[in-house]
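Undergrad: Got a predicted model here, sequence first, then my questions.
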Amino acid sequence: MAKRKLGQHFLFDKNILRKLVNEMELTKRDNVLEIGAGRGTLTDILITSCKKVFAVEIDRWLVDFLKEKYKNFKNVEIIDIDILKLEIEELPVSIAMGNIPYYITTPIIFKLIEAENIKKFGLLMQKEVAERIVSKKGSKSYGILSISAQLYTTPEIRFIVKKQCFSPPPVVDSAFVVFEKKDVDKKLVERTLELVNIAFSMRRKTLYNNLKRAYGDFTDKFFDEIKMDKKIRAEEISVEEYLRMGELLTKNL
């Protein structure tokens, strides 16, 4: 039985599970980190598609079930831990995927971003969150989460999974998002994100007024160099333009 406090919504449709795996373009050389193995429905497909699966599960009953189920499989390792406490970089993996609990979607995304050994990951998540992650400037859903994810990765919604495909069904539909990690200058991205957080600190105010409070007269340099209107708001600036502002900060302040 699914445990509501753990955000469990099991996906049993084998066609959808195969589609998830196919989207990751796995090879027999790949070691994969599976987040939230549940009853092993995705694990069953992964073990035939990659070299080894490191399956993480926090539910004690399910951990015992999985260990018994895969006791004769050499290419499956069951890890009994909260994914947010796992030292991912200690595992020989470069790809991660899973059907993740909605309530910890954002922390999981940024844990995978921070793990330097992970180059690509695919997550089944709440559709609305997926839309925020991939949204572009000018969209109502565009904000700090969109920019943060897109500075570090190239995220793409591959397909939608209807809520009726899960047991028990969640309140909303889900989306499978594949994230390709970018080769980034971490200091530059961190500086850019500081700026982004300031830009969105008061959404009703203009970008110029928000940045002026933090950067004073240097704010005019942003607008002169990037040729922005001083009446523009934070949600009207692209990820690339924020990165350019981050570069100006890094070079001059």
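TA: Structure's in. What do you need?
Undergrad: Please identify the nearest residue in space to Ser201, excluding sequence neighbours.
TA: In space, not counting the residues next to it along the chain, Ser201 is nearest to Asn210; the distance is 5.7 Å by Cβ to Cβ, 6 or more residues apart in numbering. Where you see a C-beta, it was placed from the backbone N, CA and C, and this is true even at glycine.
Undergrad: For the one you found, the count of nearby residues, please.
TA: Burial of Asn210, expressed as a neighbour count using other Cβ atoms under 10 Å, amounts to 22.
Undergrad: which residues of this protein score low on pLDDT?
TA: Within the chain, the stretches falling below the threshold (pLDDT under 70) are 1-8.
Undergrad: What distance do you get for the residue nearest the centre of it to Phe12?
TA: Centroid-nearest residue in the chain, with Cα atoms, centre = their mean: Ile109, separated by 3.1 Å. From Ile109 over to Phe12 the distance is 25 Å, taken as Cβ to Cβ, to the nearest Å.
Undergrad: what about the helix or strand containing the residue nearest to the centre of the chain, distance to the chain center?
TA: For Ile109, the enclosing helix or strand under DSSP states H and E is helix 105-114. Using Cα atoms, centre = their mean, to the nearest Å, we find the averaged C-alpha position of helix 105-114 to lie 5 Å away from the chain's own average C-alpha position.
Undergrad: how far does the helix or strand following that helix sit from the chain's center?
TA: Scanning forward in sequence from helix 105-114 by DSSP H and E, the next helix or strand is strand 120-126. Chain-centre distance of strand 120-126: 6 Å, with Cα atoms, centre = their mean.
Undergrad: helices and strands around strand 120-126, which ones?
TA: helix 14-23, strand 95-99, helix 105-114, strand 174-181 (3 or more Cβ pairs under 8 Å, 6 or more residues apart in numbering; DSSP states H and E).
Undergrad: Can I get these in a markdown table including distance to Cys165?
TA: Supplementary listing: the helices and strands packed on strand 120-126 in a markdown table, determined by distance: least, Cβ to Cβ, whole Å:
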| stretch | distance to Cys165 |
| --- | --- |
| helix 14-23 | 6 |
| strand 95-99 | 10 |
| helix 105-114 | 18 |
| strand 174-181 | 8 |
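Undergrad: all strands for the stretch 51-200 of the chain, in order.
TA: Assigned by DSSP state E, counting those that start in this stretch, the strands in the stretch 51-200 of the chain fall at 52-57, 76-80, 95-99, 120-126, 153-161, 166-167, 174-181.
Undergrad: List the buried residues in the last one.
TA: Translated: strand 174-181. Along strand 174-181, the positions that meet the burial threshold by neighbour count (16 or more other Cβ atoms under 10 Å) are Ser174, Ala175, Phe176, Val177, Val178, Phe179, Lys181.
Undergrad: circling back: need the strands of the stretch 51-200 of the chain in CSV with distance to Glu190, can you?
TA: As requested, the strands of the stretch 51-200 of the chain are arranged in CSV below (distance: least, Cβ to Cβ, whole Å):
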stretch, distance to Glu190
strand 52-57, 27
strand 76-80, 30
strand 95-99, 22
strand 120-126, 21
strand 153-161, 15
strand 166-167, 37
strand 174-181, 16
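Undergrad: ranges for the helices of the stretch 151-253 of the chain?
TA: Assigned by DSSP state H, counting those that start in this stretch, the stretch 151-253 of the chain shows helices spanning 186-199, 207-215, 219-226, 239-252.
Undergrad: so what's Tyr176 bridging to?
TA: No Tyr there; residue 176 is Phe. Judged by DSSP bridges, the bridge partners of Phe176 are Leu124, Phe159.
Undergrad: what does the helix holding Ile109 rub up against?
TA: Residues outside helix 105-114 that contact it (Cβ atoms under 8 Å, 6 or more residues apart in numbering): 35, 83-84, 88, 96, 100, 118, 121, 123, 125-126, 129, 133, 145, 148-149, 152-153, 179, 181.
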